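# let's see this in three dimensions:
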Amino acid sequence: MSGKCSPGEFSKTGLEPCHLCPKSYYQIDEMSTACLPCPFGKTTTFSGATGTHNCSRTKLQFFLFTTHYYIIIVVT
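Numbers count the residues shown, from 1 in each chain. A predicted model of the protein is given here:
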């Protein structure tokens, strides 16, 4: 029998092989088939987050280059 996916991981079945939740997502439960997004305006600085406590605020900075605006997200 395959092992269970741990918090911060997911797979199609909730069993191994598991994948880490990507940045800006988290999972608190074992055997998860999906990860949950961080609350609006927050992100994680790493993959495999295990809860909203790993989500932190982002700062949006705007830079003007010629006639285009670029949004750069800086995590602090």
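
# tell me the pLDDT at Tyr69?
The model reports Tyr69 with a pLDDT of 55.

# for Asn54, same thing?
Reported pLDDT at Asn54 in the predicted model: 97.

# do Thr58 as well
So Thr58 comes in at 77 (pLDDT).

# how about Leu15?
97.

# kindly report the same for Gly41.
For Gly41, the model assigns a pLDDT of 89.

# can you count the residues close to it?
Gly41: 11 surrounding residues under other C-beta atoms under 10 Å. Backbone N, C-alpha and C define where each C-beta goes, glycine included.

# residue ranges of the strands in this structure, please?
Assigned strands in the chain, in chain order: 9-10, 19-20, 25-26, 36-37, 42-43, 56-65, 68-75 (criterion: DSSP state E).

# burial measure for the residue lying closest to Tyr26 once chain neighbours are set aside, as a count.
Leaving aside its chain neighbours, Tyr26 sits nearest to Ala49 (3.8 Å; criterion: C-beta to C-beta, 6 or more residues apart in numbering). Counted with other C-beta under 10 Å, the neighbours of Ala49 add up to 26.

# for Gly41, give me its contacts.
57-58 (C-beta atoms under 8 Å, 6 or more residues apart in numbering).

# for Ile28, see how far away it is.
Going from Gly41 to Ile28 by C-beta to C-beta, to the nearest Å gives 20 Å.

# for Glu9, give its distance to Thr44.
Per C-beta to C-beta, Glu9 is found 14 Å from Thr44.

# backbone dihedrals for the closest residue to Gly51 other than its chain neighbours, please?
For Gly51, ignoring the flanking residues on the chain, the nearest one in space by C-beta to C-beta, 6+ apart is Ile28 at 5.1 Å. Main-chain torsions, Ile28, degrees, to the nearest 10: phi -90, psi -20.

# over to the one 10 residues further on?
When quoted as degrees, to the nearest 10, the phi and psi of Cys38 stand at phi -60, psi 150.

# how many neighbours does the spatially closest residue to it that is not a sequence neighbour have?
Spatial nearest neighbour of Cys38, excluding adjacent residues (C-beta to C-beta, 6+ apart): Cys55 at 3.6 Å. Using other C-beta under 10 Å, the number of residues around Cys55 comes to 20.
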